[in-house]
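K.L.:
Sequence first, then the predicted structure:
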Amino acid sequence: VEVYYIEFQLAENSNLEETKKKKFSKSDTLEHIQNVMREEFNIATEADTRLWNKYTSNTYEQLARLDNTVQDAGLFSGQLIIIEIKNEDGTWPRQARSTGTLGTNGSTSPIPAPPPQPLGTSSSFDKKEGSPVGTGASTSTASSSRYNFSGTSATYGDGGVSDKAQPGICGLSNLGNTCFMNSIIQGLSNTPEIIEYFDNDNYLEDINEDNPLGMKGEIAKSFGQLIKDMWSGKFTYVVPRAFKMAVGRFAPQFSGYQQQDSQELLTFLLDGLHEDLNRVKHKPYVEMSDSDGKADSDVAMEAWDNYKKRNDSVILDIFHGLLKSTVVCPECPKVSVTFDPTCYLSLPLPVKKERQVEVFLVYLDPLKPPTQFKVTAPKNGSMGDLCIALGKLANVPGESLVVTDVYNHRFHKIYTSDDQLSHILDRDDIFVYETDNTDSNNVTVPVYLREKKNCSSYAPSNLFGQPLLCSLPQSCTSSQLYDHLLQRMARYVSRPAEEDDWWKPPPKSPDSGQGDDCSMEQGEGSSGGSSEESPTSETEPGKASTAAETPDDDMLSEEEEVVGPLKMFSLHLVNSYGNAQIEPISEQEEEAITLNSKNYLSLDWHPRAKQKFFNEKAAEDFSQDDSWHGKTTPKKQVIKLSECLKLYTSQEKLGADDAWYCPNCQKHQQATKKFDLWSLPEVLVIHLKRFSYNRYWRDKIDTLIEFPVNNLDMTQYVINSTHGQAIY
């Protein structure tokens, strides 16, 4: 099912500035597009028309095969399609324009001669002299080459014809964002072995159209024609349109005109050319055998001979080498040695992508103020990596740390050690809490600080201060829990003396006829609280104004006047936002309390207790570690190619997702694996793994890699003693 249609810009040849946008299916024919355009531009039924498409700033192509579909024609989204109406005298406007241009350059040829027959016809491959351009093309100027009258899109004759062109010094027209393709073509075009093979038509006798793994010879034919045109000495540039279309038919990921990966195209192209030119017409069945203690040279020779029985092409002769792979089981003495052919080396980069994260560390010791750190951690690492790095800086156990994101006096997120570090944004306030994980009877519980609006037990409350992440006993009494929490806040909370009737209002002022108002105290004494109510806050304006008008003396019962509340704050189980109470915790001192890690506690402070015993200045104090003042700009890293090769040939342990099946243990094992170079090809392709992946995004490694342009000596990396020198 085609979900997204392709949108084209449609225009008349007489007025290219005025365009209309229209969407078509990839399966629509060019004839259908022509009919739609005739209706859109009110063209008479008896008028003769033809279509052109524009795919570079000065290059147009006639779309003559109207039975072609949009996909077959290789049209891309946003492309300009032009409909041309035949003149009354039987001429075409574009032909006349081309003739006029040629005349100004002193050429006697009105239009360029038609290019040779499309690929796939026998006459195109009869002899070397007959390919790029037919008779008369050499006398045409570059201006005439702007129009392709073949209508087949099967040759490269619509390039820049020039008397000054030189063999091999030939550019490639960009078809959309196809620089990735052009770079690979230019690289192969400047490989002497490739030039000699294709330019001399040696490939024709090797084409294998019956290979089920090949592309019916189409990739080899289109690539061969492209190389011949580039080395014909007739063009300053060619348009690799036919090659692009051939590749797109067999590899749909390259069928569009968007940017793609050069290495992926090169891998497909070498494999496609190899299969299209495979001299083995009928591949025999070959059974792969393990080393079983045999000498490496014997195993390597057997592996190469077996590979050659099914594969024999010029691509293999030029680009294929042999790798030794050694896998060792961690549980049994099984060692598997295999030799695998390869046409390129894909080298990892020994680079560590890091980022700096600004955090506050809240120590387990209640008397130590929070400390601000700037921690360097792996960019694609986890919260566990951040905790380990912070633990080393702060000299605390990394496994006891919990990373949180604090926003508006509550925990916005409490991370697990497996969460990705990419969740943390630069603007986040990250607090890391040290917890006590040595006692199995302890449970870590988030704790919010709330202040009652007035003295009533049922008054709404506001969050204030920084939340806590406390290690508390799973089972304890109400008084023990109260003491634990007071101890955790010992740095900024003082305990009242036994004889202190802190809950009583101060004596009435003789000047004012009313008592002290709790809500007024709250307004004066809670500057550290939130100045704005969150949308989910319990506070209601109506209730707040009512409380402000009611003297708190009237709210105190006779018993409270004498005895007062037992504690400075009451405890409640609340939701994760701290704005909805689930249930109160009993204030009976010997009442048993059971907590779990899913609970959220709130300490609902009495307004006068908060004003008198909670030191907001001390609560907000923090210190800064030396790392906070360190330089944040890392040095630009430069890596040598030799370092990449050493990493590639080093031993590594397989991950859990890439486990190897051990035939002895008869189960998957996280074995150790090592690659070694056994034989290197005549032309060595080296690919640098510049992209690192995780489940969220792809990240490019932009580190500079130094490598020699000449005399790259690979001999030291080849373990085959009989290989000889390998200098590139």
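P.N.:
On my side now, so go ahead. Residues are numbered from 1 along each chain as shown.
K.L.:
Hmm, residue 676 and residue 649 touching each other?
P.N.:
Yes - contact criterion C-beta atoms under 8 Å: residue 649 and residue 676 qualify, at 5.9 Å. C-beta coordinates here come from the backbone N, C-alpha and C atoms, glycine included.
K.L.:
Just the helices from the stretch 151-300 of the chain, written as ranges.
P.N.:
179-189, 192-199, 218-230, 241-250, 262-276, 296-310 (DSSP state H, counting those that start in this stretch).
K.L.:
Would you reformat the ones you listed as TSV and include mean neighbour count?
P.N.:
What follows is the helices of the stretch 151-300 of the chain, written out as TSV (neighbours: other C-beta atoms under 10 Å):
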stretch	mean neighbour count
helix 179-189	17
helix 192-199	18
helix 218-230	25
helix 241-250	21
helix 262-276	20
helix 296-310	16
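K.L.:
List the residues that contact residue 314.
P.N.:
For residue 314, the contact set (C-beta atoms under 8 Å, 6 or more residues apart in numbering) comprises 193, 197, 202, 203, 206, 277.
K.L.:
try it again with 6 Å
P.N.:
Contact analysis of residue 314 by C-beta atoms under 6 Å, 6 or more residues apart in numbering lists 197, 277.
K.L.:
Phi first, then psi, for it.
P.N.:
Backbone geometry at residue 314, expressed as degrees, to the nearest 10, gives phi -70, psi -30.
K.L.:
could the helices of the stretch 151-300 of the chain go into CSV alongside distance to residue 453?
P.N.:
Shown next, in CSV, are the helices of the stretch 151-300 of the chain (distance: least, C-beta to C-beta, whole Å):
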stretch, distance to residue 453
helix 179-189, 65
helix 192-199, 82
helix 218-230, 78
helix 241-250, 70
helix 262-276, 64
helix 296-310, 81
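K.L.:
Mind listing what's buried along stretch 345-363?
P.N.:
By 16 or more other C-beta atoms under 10 Å, the buried positions in stretch 345-363 come out as 345, 347, 349, 351, 353, 355-363.
K.L.:
Among those, which lie within strands?
P.N.:
Among those, the members falling in strands (DSSP state E) are 345, 347, 355, 356, 357, 358, 359, 360, 361, 362.
K.L.:
The first one against residue 686, yeah?
P.N.:
Yes - with contact taken as C-beta atoms under 6 Å, residue 345 and residue 686 are classed as touching, separated by 5.2 Å.
K.L.:
Contact partners for residue 621?
P.N.:
By C-beta under 6 Å, 6+ apart, the neighbours of residue 621 are residue 369.
K.L.:
give the contact list for residue 705.
P.N.:
Residue 705 touches residue 639, counting by C-beta under 6 Å, 6+ apart.
K.L.:
Can you tell me the element it falls in?
P.N.:
strand 704-706 (DSSP states H and E).
K.L.:
ok, that strand: who's next to it in the sheet?
P.N.:
With DSSP bridges as the test, strand 704-706 is paired with strand 638-640 (parallel).
K.L.:
buried residues in the strand it pairs with?
P.N.:
residue 639.
K.L.:
what's it in contact with?
P.N.:
With C-beta under 6 Å, 6+ apart, strand 638-640 has contacts from 703, 704, 705, 706.
K.L.:
Least confident of these?
P.N.:
Within the set of those, pLDDT is lowest for residue 703 (80).
K.L.:
so that residue touches residue 352, yeah?
P.N.:
No - between residue 703 and residue 352 there is no contact under C-beta under 6 Å: 9.9 Å.
K.L.:
Counting neighbours, what do you get for residue 386?
P.N.:
Per other C-beta atoms under 10 Å, the neighbour tally for residue 386 reads 27.
K.L.:
OK, contacts around the spatially closest residue to residue 450 that is not a sequence neighbour?
P.N.:
In space, residue 450 comes closest to residue 461 once its chain neighbours are excluded; the distance is 4.1 Å by C-beta to C-beta, 6 or more residues apart in numbering. For residue 461, the contact set (C-beta under 6 Å, 6+ apart) comprises 450, 451, 452, 604.
K.L.:
need these in JSON lines with pLDDT, neighbour count and secondary structure, can you?
P.N.:
As requested, the contacts of residue 461 are exported to JSON lines (pLDDT from 0 to 100; neighbours: other C-beta atoms under 10 Å; DSSP: H, G, I helix; E, B strand; the rest coil):
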{"residue": "450", "pLDDT": "90", "neighbour count": "25", "secondary structure": "strand"}
{"residue": "451", "pLDDT": "86", "neighbour count": "26", "secondary structure": "strand"}
{"residue": "452", "pLDDT": "77", "neighbour count": "24", "secondary structure": "strand"}
{"residue": "604", "pLDDT": "88", "neighbour count": "21", "secondary structure": "strand"}
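K.L.:
Tell me the spacing between residue 495 and residue 176.
P.N.:
75 Å (C-beta to C-beta, to the nearest Å).
K.L.:
same deal with residue 229?
P.N.:
Taking C-beta to C-beta, one finds residue 229 at 20 Å from residue 176.
K.L.:
Might you list the low-confidence residue ranges for the stretch 451-600 of the chain?
P.N.:
454-460, 506-566 (pLDDT under 70).
K.L.:
Walking through it, point out its strands one by one.
P.N.:
Assigned strands in the stretch 451-600 of the chain, in chain order: 461-463, 468-473, 475-477, 569-574, 581-584, 592-594 (criterion: DSSP state E, counting those that start in this stretch).
K.L.:
quick one, which of the ones you listed is nearest to residue 86?
P.N.:
Each of the strands of the stretch 451-600 of the chain has some distance to residue 86 by C-beta to C-beta; the shortest is strand 461-463, at 79.3 Å.
K.L.:
Pull up the pairing partners for that closest one, direction included.
P.N.:
strand 442-452 (antiparallel).
K.L.:
next one: the partner strand to chain centre, how far?
P.N.:
Per C-alpha atoms, centre = their mean, to the nearest Å, the displacement of strand 442-452 from the mean C-alpha position of its chain is 39 Å.
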